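**Q** Below are the sequence and a predicted model; questions follow.
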Amino acid sequence: MELVILVSCSFLIALMKFLYDYLWRPLRIQHMLNSQGIKGPPYRFIHGNNKEIVKMEKEALSKPLDLTHDIFPKVRPHLSSWINIYGKNYLYWNGVRAQLVISEPELVKEVLKNSEKAIPKKKPSIFASKLVGNGLVSLEGEKWARQRKLANYVFHGENLKNMTPAVIASVETMLEKWKGREGRDGSVPRVQIIDIRSDIQNSFCKLWKSADLLESEELAKEIQDCVVKIVKKRENKVVIGEADSFGNDFLGLLVHAYHDSDEKNRLSLEDLVDECKTFYLAG
């Protein structure tokens, strides 16, 4: 008899916890945000809005893409649709997890400042960390402040102007490659549709081809070796006298910080590589 009562009590406790996590708590959060003017698609028991998102993505992918730069409704149809319905700031549900979407510029700025440290950064998955490393995107605290200071200098408007000739030369080279491409029937159509994926993909994209941890680690090592070669090339120019500094671009400042005599300001090789990964992917 006591065993039956114990099992019944355990079942009742588990049921109450389940209903709290999957029903009462989401509905309470939804009510609280609605009362503050934050609307959104209603919470659905257990799956939230995930079924709606999958349906909208399938519908978007089934339609051909028009010749337009507005690809947001194609790649993120649920976000595009709900912004139009509920406004720039709204709430939706990833299962039982509340997702507050903010696209109002002033609020975005406030969140990114995070001066009260109330919004912790989301830790990347193990595979994403192989891709972007532990750079500015995921860093926090003193380490973030130190490496953000380097980035602030390089990406100041005046410094970016110095990159304009290199950007123009790169784009002109790419356009020259596209110029002579013909249509499938041998003709050159008046409006050309060119698959540019091969021009913007590199070894980083291999990380997405497999979820296998061993393969991702091997590819991460290849990426690190590539970055180290670039760094060594920059260092060698100083050693043999071709240059009197490591340069004033972001890579140059990272290499300089890597050789800093002050241990507190010195970057490790891992930090240097991770920042290169982060900004290469961002670029």
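**A** Looks like it came in fine.
**Q** thinking residue 100 is in contact with residue 93, fair?
**A** No - applying C-beta atoms under 8 Å as the test, residue 100 and residue 93 come out as separate, 10.6 Å apart. From N, CA and C alone the C-beta is placed, and that goes for glycine too.
**Q** and those two? which has more neighbours close in?
**A** The neighbour comparison of residue 100 against residue 93 (other C-beta atoms under 10 Å) goes to residue 93, with 22 against 14.
**Q** who does the more buried one bridge with?
**A** Residue 93 has these beta-bridge partners by DSSP bridges: residue 98.
**Q** Quick one: residues contacting it.
**A** 26, 41, 43-44, 48-50, 99 (C-beta atoms under 8 Å, 6 or more residues apart in numbering).
**Q** Go through these and flag which are in helices.
**A** Among these, DSSP state H puts 26, 50 in helices.
**Q** so where's this protein uncertain?
**A** 1-4, 6-7, 115-116, 127, 130-132, 180-213, 283 (pLDDT under 70).
**Q** how about the strands in it?
**A** Applying DSSP state E to the chain gives strands spanning 89-94, 97-102.
**Q** Return the most buried member of those.
**A** strand 89-94 (a mean of 20; mean count of other C-beta atoms under 10 Å).
**Q** ok so, going back, what about the strands of the chain, which gets the closest to residue 239?
**A** Residue 239 lies closest to strand 97-102 among the strands of the chain, at 48.6 Å (C-beta to C-beta).
**Q** Return the list of helices and strands in contact with the closest one.
**A** Other elements packing on strand 97-102 under the criterion 3 or more C-beta pairs under 8 Å, 6 or more residues apart in numbering; DSSP states H and E are helix 25-35, helix 77-86, strand 89-94.
**Q** Out of these, the one nearest residue 262 is which?
**A** Using C-beta to C-beta, the nearest of the helices and strands packed on strand 97-102 to residue 262 is strand 89-94, at 43.6 Å.
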